[in-house]
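**Student:** pasting the structure only:
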């Protein structure tokens, strides 16, 4: 049968009822779901203070030593855990707790657990209090406690945790801008109050001996933190944004308050904008002066996404910025969350599709134009064939051997023209399909030019043209042999075609750059006007015209020459004057 407790309330014990009530209200309020998981830690801190204050109130109201020792043991169920819980609250507010593993943070409670066990079982070893006696010479009966080694362990450990809490708040205060300075100052006061009060108590500077003011101090700490919670919403904006979004996404995440000031951002955002650290409290107008899209997204009333482009050292990045409002438990807006999603790959894909569509449209246009050119150029040779075949079929028309021979020559000329046109068409078609394979190798230019001249010598001799090959023996380029022969064959064939009887054609080289060699095909033929010169390489304009002896020309060969030269890393230019002649200059890489 338990004996009734000897209780005699006094001014000191009754004064602790207010801390008990305030702490209990704060603990219940903080446990509500709207404060997210971090509110639970603050609630546990307040519940610990409730147990401590209530038990200490009963100790001060007790009149017997046994009752006082009982309440002292109950106090130590909570006392050792107050400092680590307060540290966790500070770490969460500073945004550090979310970066730590909770099973590591659990080690914070190993020492408090040992202290609780040692204090409750003190009468078996006296390592926490070496001696306990009752003093009745004061206003109320009080316990006089002689300190043991584990008490010193408790003091050192509690001081260390409180000092680190103070350090975290001061560091945050130094680097934080104006946005949360009021909250931080209140948090600083909340940490300092129990630290100062316990120092005064432990050093014997309190006016009333043997009465511990720390429960009162921690109640003031809870009230200070409550001001941050209720007035400044310390556990609303930052916890919700960071806890539920920041660490679960790979996108850039930025929180801005209703006054358009930076609240917080994640590491991805720092990398996107090249910030060394989070620019807390800075106005977005200054912060994003070079990124008007971000200002637009922040200040917009809706949730319409905007595109953002940033220049990085390696390449340009493209992002989609999606704003959304952050509201408190009363559905009042307290800020905005900007989610910055990297769409660079999608943008590049869209750009590739756009370029492909443009190229397809150009190819379709070129195809239509090509068909028009082919239809025009094929009419002549095919018309010649049709005329002569009708003539041959008409038995009433008698033809001499000379007339048959002349007709045969004309038919052969038309066949050669038709064959050349079809060959160019086939080559152009292969180029459009990227079906032309290159085999780059060292090629002696003079030898390649000589080969082409020999192939076309008969055509040049018919017009009594002089062809000079002034390309030095030492001129060696890195090129594809088949493409180079095609280039020489087309340029030299055009020079022969548009140079009148007795004209001159020269092939020579010039060093254009240190790594390029320019080859010039020069004639003193009929030349070209500026309009023809400007549309030489376009299918949109008809550039084909007959040669000086009526040789047919489609203009397709020069288009292929330009593509072959550029495919090998070179370029081509043309200069011409009417009746003076033309110069075609193409460059190719020098063989190393």
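**Tutor:** Nice, I can see it. Source: prediction; values computed, not measured.

**Student:** what lines up beside the lengthiest strand in the chain in the sheet?
**Tutor:** Using DSSP state E, we find that the single longest strand of the chain is strand 316-327. Counting by DSSP bridges, the strands paired with strand 316-327 are strand 306-311 (antiparallel), strand 333-342 (antiparallel).

**Student:** show me where the stretch 401-550 of the chain has its strands.
**Tutor:** Ranges of strands in the stretch 401-550 of the chain, per DSSP state E, counting those that start in this stretch, are 440-444, 466-469, 476-480, 504-513, 516-523.

**Student:** just checking, what packs against the longest one?
**Tutor:** Meaning strand 504-513. helix 445-462, strand 466-469, helix 481-497, strand 516-523, strand 581-589 (3 or more C-beta pairs under 8 Å, 6 or more residues apart in numbering; DSSP states H and E). From N, CA and C alone the C-beta is placed, and that goes for glycine too.

**Student:** how far off centre is it?
**Tutor:** 50 Å (C-alpha atoms, centre = their mean, to the nearest Å).

**Student:** ditto for the second one
**Tutor:** Chain-centre distance of strand 466-469: 60 Å, with C-alpha atoms, centre = their mean.

**Student:** ok, and for it, which residues are buried?
**Tutor:** Buried residues in strand 466-469, defined by neighbour count with 16 or more other C-beta atoms under 10 Å: residue 467.

**Student:** pLDDT averaged over that strand - what is it?
**Tutor:** Averaged over strand 466-469, pLDDT sits at 92.

**Student:** also stretch 157-166?
**Tutor:** Averaged across stretch 157-166, pLDDT comes to 88.

**Student:** give me the contacts around it.
**Tutor:** By C-beta atoms under 8 Å, 6 or more residues apart in numbering, the residues outside stretch 157-166 that reach it are 80, 82-84, 86-87, 90, 108, 111-112, 115, 188, 191-192, 194-195, 198.

**Student:** what's downstream of the helix or strand hosting residue 563, the next helix or strand?
**Tutor:** Per DSSP states H and E, residue 563 falls inside helix 556-567. Using DSSP H and E, the helix or strand that follows helix 556-567 in sequence is strand 571-577.

**Student:** now do that next one: which elements does it pack against?
**Tutor:** So strand 571-577, by 3+ C-beta pairs under 8 Å, 6+ apart, packs with helix 530-534, helix 556-567, strand 581-589.

**Student:** let me have those in CSV, adding mean neighbour count and mean pLDDT as columns.
**Tutor:** Shown next, in CSV, are those (neighbours: other C-beta atoms under 10 Å; pLDDT from 0 to 100):
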stretch, mean neighbour count, mean pLDDT
helix 530-534, 13, 85
helix 556-567, 20, 82
strand 581-589, 21, 92
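
**Student:** let's have those in JSON lines, adding distance to residue 356.
**Tutor:** Formatted as JSON lines, these follow (distance: least, C-beta to C-beta, whole Å):
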{"stretch": "helix 530-534", "distance to residue 356": "28"}
{"stretch": "helix 556-567", "distance to residue 356": "18"}
{"stretch": "strand 581-589", "distance to residue 356": "29"}
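
**Student:** mind checking these for the one nearest to residue 125?
**Tutor:** strand 581-589 (91.1 Å; C-beta to C-beta).

**Student:** show residues contacting that closest one.
**Tutor:** If you take C-beta under 8 Å, 6+ apart as the criterion, strand 581-589 is touched by 477-479, 484, 487, 491, 494-495, 498-499, 510, 512-513, 515-528, 561, 565, 568-576.

**Student:** can you list the helices and strands packed on strand 504-513 in TSV and add distance to residue 48?
**Tutor:** Formatted as TSV, these follow (distance: least, C-beta to C-beta, whole Å):
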stretch	distance to residue 48
helix 445-462	92
strand 466-469	101
helix 481-497	85
strand 516-523	82
strand 581-589	80
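
**Student:** between the ones you listed, which gets nearest to residue 220?
**Tutor:** For those, proximity to residue 220 was assessed by C-beta to C-beta; strand 581-589 is nearest, at 81.9 Å.

**Student:** adjacent strands (with direction) for the closest one?
**Tutor:** Partners of strand 581-589 in its sheet, by DSSP bridges: strand 516-523 (antiparallel), strand 571-577 (antiparallel).

**Student:** sorry, back to before: so which bits of the longest strand of the chain are buried?
**Tutor:** Within strand 316-327, the residues scored as buried using 16+ other C-beta under 10 Å are 317, 318, 319, 320, 321, 322, 323, 326.
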